[in-house]
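this is the structure alone, sequence omitted:
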DNA sequence: GAGAAATGTATTATAAGTTAGACAGGTAGC
DNA sequence: GCTACCTGTCTAACTTATAATACATTTCTC
């Protein structure tokens, strides 16, 4: 009879206030209620409220001015890297930002059942697994676990992996890559991933699972990618197509040649020049630790 | 100098293990590592691990057999709803599953700066904000916050909102919807969202922010959606296009007419008939409290 | 049956979170 | 200047969470 307790009021209040700042009604520059008011509102002590505010201050979300009050800091919108759904990294290179890769693991393993199933492996068939972390300007933003069937003929070395995209290596080896299927979800950072990405355990992550097939339908690559949402997000433009009554969104297919940006929004509002102060921003670790 | 502490390890481990059971590598029926192993892995004491396992047992996710071990309970695999990036709900209807909507809030507000900027509102211009929760077969899976400029001519009522998609209502009102831009990220559940979706505070969420414009570039709708990743995920098929040397992924544009499924994977492995053993489960809050 | 390994249970000690209160000092309004 | 209100800091007592052990019981393997 483990009676689920209700601990950690400070964190609860921290999350609550953070939500109000990021998504909710608290405008940048506005003043928060006094610490005593907040304490009364949520039925906790002032010390507890202060702990929550401390964390918000560490996150850089608020500005505390003694005698005056606590204010929502302005300009705390750190834009994450934006990627479209196709070739994620071409953007970055265009922007002149330097990306690098750290190879954490390189081994031949018996894949998990789900990976084996997705790739269509025979029972007991092994796969080459590599774990990589991708960095931009020295800051890690993605954790990639890839599985490639051993029988595909893995012709690349560890050094190759650290310098070239895996798909490029496969295509160089003569593997024809035709189609893929991927799904996007969210999950929490475990110990390994948290350390590799410089996060706290339990931080939210974007997850992407992609399975790539060759023209015969043979599984070629299984990718499980985890992204820091404060540094990476998916972006896409949609157009409304179809007849009335069956209208739907369709993604805008971009030409293979790189283009600066679709940049279509011609809103004329005074703020329209600042197209998207996307507030999503997830920073929640107070201590990156390790 | 409040040194950020490390609270609630038990809950953290509970969330992590739950994530591994639901999305991660732990197959149903498989045995978890021993309590001591888990304790060592996460650097906590066995008591703490046991607390986490207690909660997982309450959730019905695991099965503890004294002397034998702790096992992932079978039959938890509730497939998440799979949506493509365009018309998320058409799938569901096709599948014959019943979705419903709960309207949590309906008001005219001064939108936050980020929303106002995205929609291109004049300073001080108000917007109609509605907060809805969407359910499938009675289980909530998404939390939607939409903003529509007041001047657009909001011709729908609260009752309309609870029964029809917002975009449909707008188009019925004569608003021409042409293009949109959206980005996908991840975040943690705050108190409000957690309660609305039946989650613990701190659970991971998929977040989608979409801005819709009419042909003149005027903002029409701002959508901020949060999805339970165990019940909802984005899925898309990609094809490799472009010349050698500049190959990239492009999404497969689907026809407006509903089609059962692309279903391309013709892998012949014995497990290929079970293409996706995605294990999932639902109930997880022990106490929604307050 | 012996032994290893697992969960179930209990005890004690330490660490951490919370509360309540008091006081100092800064800021703004009257 | 006075007052009200705010944050910053501190103390003391209390409650809860976690750690470190030890030991019993069940299960599986050999």
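Yes, it's here. Since this is a predicted model, take the numbers as computed values, not measurements.

what's the burial count for residue A:239?
Using other CB atoms under 10 Å in any protein chain shown, residue A:239 is surrounded by 16 other residues. No exception for glycine: its C-beta is placed from N, CA and C like everyone else's.

what's near enough to touch the closest residue in space to it that isn't next to it in sequence?
Distances taken as CB to CB, 6 or more residues apart in numbering or on different chains put residue B:179 closest to residue A:239, at 5.1 Å, once the chain neighbours are dropped. Residues counted as contacts of residue B:179 (CB atoms under 8 Å, 6 or more residues apart in numbering or on different chains) are A:237, A:238, A:239, A:240, A:252, A:264, B:212, B:213.

so which of these wins on neighbours?
Counting neighbours by other CB under 10 Å, residue B:212 leads the contacts of residue B:179 with 26 neighbours.

give me the sheet partners of the helix or strand where it lies and which way each runs.
Using DSSP states H and E, the element containing residue B:212 is strand B:204-213. Strands adjacent to strand B:204-213 in the sheet, as given by DSSP bridges, are strand B:179-188 (antiparallel), strand B:219-227 (antiparallel).

using CSV, please lay out those together with mean pLDDT and distance to residue A:45.
Output for the strands paired with strand B:204-213, formatted as CSV (pLDDT from 0 to 100; distance: least, CB to CB, whole Å):
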stretch, mean pLDDT, distance to residue A:45
strand B:179-188, 90, 24
strand B:219-227, 94, 31
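
okay, the ones you listed in CSV with distance to DNA strand D next?
Converted to CSV, the strands paired with strand B:204-213 look like this (distance: least, CB to the nearest atom of the strand, whole Å):
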stretch, distance to DNA strand D
strand B:179-188, 18
strand B:219-227, 26
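
per-domain residue ranges of chain A.
Domain assignment for chain A by automatic domain parsing gives A:9-72, A:81-234.

which stretch in those domains has the least confidence?
Within the domains of chain A, the stretch with the lowest mean pLDDT is domain A:81-234, showing a mean of 85.

how much space between the closest residue to DNA strand C within chain A and residue A:34?
At 2.5 Å from DNA strand C, residue A:67 is the closest residue in chain A, using CB to the nearest atom of the strand. Distance, residue A:67 to residue A:34, using CB to CB, to the nearest Å: 12 Å.

neighbour count winner among these two?
A direct count of neighbours by other CB under 10 Å for residue A:67 and residue A:34 places residue A:34 higher, at 13 against 4.

which residues touch the more buried one?
The contact partners of residue A:34, taken as CB under 8 Å, 6+ apart, are residue A:69.

and the residue nearest to residue A:239, bridged to which residues?
Going by DSSP bridges, residue B:179 is paired in beta bridges with residue A:239, residue B:213.

for residue A:250, see how far away it is.
From residue B:179 across to residue A:250, the span is 10 Å (CB to CB).

do residue A:202 as well
According to CB to CB, residue A:202 and residue A:250 sit 36 Å apart.

so for these two, which residue has more residues nearby?
Taking neighbours as other CB under 10 Å, residue A:202 and residue A:250 compare with residue A:202 leading, 23 against 20.

what's the helix or strand for that one?
Here residue A:202 is assigned to no helix or strand, by DSSP H and E.

residue B:200 is in contact with that one, correct?
No. In this structure residue A:202 lies outside contact range of residue B:200 using CB atoms under 8 Å: 11.1 Å.

anything in contact with each of the two?
In the contact map built from CB under 8 Å, 6+ apart, the residues linked to both residue A:202 and residue B:200 are residue B:15.

any chance of JSON lines for the strands paired with strand B:204-213, columns distance to residue A:126?
Shown next, in JSON lines, are those (distance: least, CB to CB, whole Å):
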{"stretch": "strand B:179-188", "distance to residue A:126": "32"}
{"stretch": "strand B:219-227", "distance to residue A:126": "35"}
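
what does chain A put close to DNA strand D?
A:5, A:7, A:32-37, A:46-47, A:50, A:53, A:64-70 (CB under 7 Å from any atom of the strand).

can you flag the buried ones in these?
Among the residues of chain A next to DNA strand D, those buried by neighbour count (16 or more other CB atoms under 10 Å in any protein chain shown) are A:32, A:35, A:50, A:53, A:64, A:70.

tell me the one among the residues you listed nearest to residue A:122.
residue A:53 (57.5 Å; CB to CB).

near chain B, anything from the helix or strand that contains residue A:39?
Using DSSP H and E, residue A:39 sits within helix A:35-42. No. Against chain B, helix A:35-42 shows no contacts by CB under 8 Å from any CB of the partner chain, the least distance being 9.3 Å.

overlap in contacts of residue B:179 and residue A:250?
Shared contacts of residue B:179 and residue A:250 (CB under 8 Å, 6+ apart): A:238, A:239, A:240.

what is the burial count for residue A:190?
By other CB under 10 Å, 20 other residues sit near residue A:190.

ok, now which ones touch it?
A:201, B:16, B:19, B:20, B:24.

ok, residue A:167 next?
Under the criterion of CB under 8 Å, 6+ apart, the neighbours of residue A:167 are A:177, A:212, A:221.

please repeat the previous calculation with a cut-off of 10 Å.
Neighbouring residues of residue A:167 by CB atoms under 10 Å, 6 or more residues apart in numbering or on different chains: A:87, A:146, A:175, A:177, A:180, A:210, A:212, A:220-221, A:223, B:240, B:247-249.

what does residue A:102 give?
Counting by CB under 10 Å, 6+ apart, residue A:102 touches A:131, A:132, A:133, A:134, A:135, A:140, A:143, A:162, A:196.

so the nearest residue to the fourth one once chain neighbours are set aside bridges to which residues?
Yep, that's residue A:134 we're talking about. Once flanking residues are discounted, residue A:134 sits nearest to residue A:142: 4.4 Å by CB to CB, 6+ apart. With DSSP bridges as the criterion, residue A:142 is bridged to residue A:134, residue A:227.

help me confirm that residue A:142 comes into contact with residue A:132.
Yes. Counting by CB atoms under 10 Å, residue A:142 does reach residue A:132; the two are 8.3 Å apart.

higher neighbour count, the two?
residue A:142 (26 against 20).

now that one: how far from DNA strand D?
Relative to DNA strand D, residue A:142 is positioned 30 Å away (CB to the nearest atom of the strand, to the nearest Å).

mind listing what residue A:135 touches?
Applying CB under 10 Å, 6+ apart, we find residue A:135 in contact with A:98, A:99, A:100, A:101, A:102, A:141, A:142, A:197, A:198, A:231.
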